[in-house]
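In: Here's my sequence, what's the structure:
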Amino acid sequence: MNNFPDYAAVTEYLYALKAGGVKFGIDRMRRLAATLGHPERSYPVIHIAGTNGKGSVAAMLDAILHAAGWRTGLYTSPHLVKLGERVQVGRRLLTEAEIVAYTNELRPLAARAAADAADEHATFFEFMTAMAFLQFQRRQVDLAIVEVGMGGRLDATNVVQPEVTVITSIGLDHIAELGGTLAQIAREKAGIIKPGRPVVIGRLSPEAEVVVREVAAAAGAPVHAVRETFGEEIDRYPVTNLAGDYQRWNAATATLAARVFALGWSAASGRAWPNPAGGRVPPTEADIVRGLQQVNWPGRWQTTSLGGRPLILDASHNPEGAAVLEQNLRQLVTTSGRKPIIIAGVLGEFRARALLEVICRHAQEVHLVVPHQARASSIADLLALVPPAQRGMVRGGTLEQLFPDARTCSAGGPGDTIVVTGSIYLLGEVLERIEPGRGTGEGKLQDF
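Out: Residues are numbered from 1 along each chain as shown. Predicted coordinates:
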């Protein structure tokens, strides 16, 4: 089998894998990890699941450990612009050359597995997960922070044996794959809980929390809850550089996870800290405070400026996220004294309905666009969900029209705040246009 000569050939191969769809189940990943010699076992792991907030909590933990002097691996999905964003070591993205090398290494292994049964071929997400595990091993990380792709129990990342498991939130999303009730979704996400390993839970609904605690009890896994530690008053929650009350909830989850990790790691079975000669010590409270002010996680109520006007980018792709968006928009209108111009695009009617209800209440005008994804809702489908009384403020458009160059947004006028929201894929396309230094976008390599 000849190696792929360049990144263009590799991305075509990965795109073909992606086109094969999502295959739930972790047996393929287990076999692939075993073939690779289980790289995921060569460093401690914090494993994070949740409907919303899991990416933010992962980024916060990465910042906290970075502040403590640790060499961290961070695996998240999806990417905003470039595929290499998903796999980072010490905040350095996986390069195109590394993606080529890992694909050439993994492809014959996947082909041999598929020779026995067609369903044995690794999926796109499994390929990326294997790349992350290998990169973390070969770059000798002190710890890996691994975000679940979808669900938990059957996710490819669930081959890890984490030091700490984190479940950030439970909401209604991916219901076709995970179930139509909070209890069903909670059980799927709680599938990452491992025997005896501590579990940190964010602000879950009572229905979801009952299920998670039940799964944890059956596994003998102690539960540490944000509400029990920080209470209900938001003023008691840690502060982060990411805006919004919801990010303070996430900051509390990350803080508690860092504390539990430090306590368990230093006390567990005589295990030494990684690379003791390098002076690695548990993250302190000062490290946590400092790290939470240095979180790099674009697209989450991210405020920037375009043509002298405020531009806010905020992923909000499900009902729980829409509720958080409403809180942020209400605060924005209160502080600015005027309603924003909102640009939105989303994937699927279930997600679109909740999003449109919120933005139509708080927008001066709404511009609907279609992300370059097969599952994206059309403008006609979105308009059909807008109440008749509000359709006069809603219009369709394209990103090319709305962002004709890196310094311009054609919507609204002087003094207007622009909010781009909905699918994270849409945000990536906007960032590609307004921050051309990020490179050409790789939206076709998005998975879910």
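In: Show me the residue at the heart of the protein, geometrically.
Out: Most central in the chain under Cα atoms, centre = their mean is G55, positioned 3.4 Å from the mean C-alpha point.
In: ok, now which ones touch the residue lying closest to that one once chain neighbours are set aside?
Out: Spatial nearest neighbour of G55, chain neighbours left out: T76 (5.3 Å); criterion: Cβ to Cβ, 6 or more residues apart in numbering. Bear in mind the C-beta positions are built from the backbone N, C-alpha and C, glycine included. By Cβ atoms under 8 Å, 6 or more residues apart in numbering, T76 lies in contact with 55, 58-59, 85-86, 147.
In: can you put these in JSON lines and add distance to Q401 and secondary structure?
Out: Shown next, in JSON lines, are those (distance: Cβ to Cβ, whole Å; DSSP: H, G, I helix; E, B strand; the rest coil):
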{"residue": "G55", "distance to Q401": "30", "secondary structure": "helix"}
{"residue": "A58", "distance to Q401": "35", "secondary structure": "helix"}
{"residue": "A59", "distance to Q401": "32", "secondary structure": "helix"}
{"residue": "E85", "distance to Q401": "27", "secondary structure": "helix"}
{"residue": "R86", "distance to Q401": "30", "secondary structure": "helix"}
{"residue": "E147", "distance to Q401": "34", "secondary structure": "strand"}
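In: So which of those residues is the closest to V333?
Out: G55 (26.5 Å; Cβ to Cβ).
In: Now L204, what are its backbone angles?
Out: Taking degrees, to the nearest 10, you get phi -90, psi 150 for the backbone angles of L204.
In: A183 is in contact with that one, correct?
Out: No - L204 lies out of contact with A183 (Cβ atoms under 8 Å); the separation is 11.2 Å.
In: The two: which has the busier surroundings?
Out: Under the criterion of other Cβ atoms under 10 Å, the comparison of L204 against A183 puts L204 first, with 25 against 16.
In: With adjacent residues omitted, what lies nearest to that one?
Out: Excluding the flanking residues, the one nearest L204 by Cβ to Cβ, 6+ apart is I170, at 5.4 Å.
In: what residues are up against the one you found?
Out: I170 neighbours (Cβ under 8 Å, 6+ apart): 50-51, 182, 185-186, 189, 204-205, 208, 212.
In: Adding distance to R330 and secondary structure, write those residues out as CSV.
Out: Formatted as CSV, these follow (distance: Cβ to Cβ, whole Å; three-state DSSP):
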residue, distance to R330, secondary structure
G50, 24, coil
T51, 22, coil
L182, 25, helix
I185, 27, helix
A186, 28, helix
K189, 29, helix
L204, 24, coil
S205, 22, coil
A208, 25, helix
V212, 30, helix
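In: Drop anything exposed from these.
Out: Using 16 or more other Cβ atoms under 10 Å as the burial test, these include 50-51, 182, 185-186, 189, 204, 208, 212 as buried.
In: Of those, which is the nearest to R361?
Out: T51 (22.7 Å).
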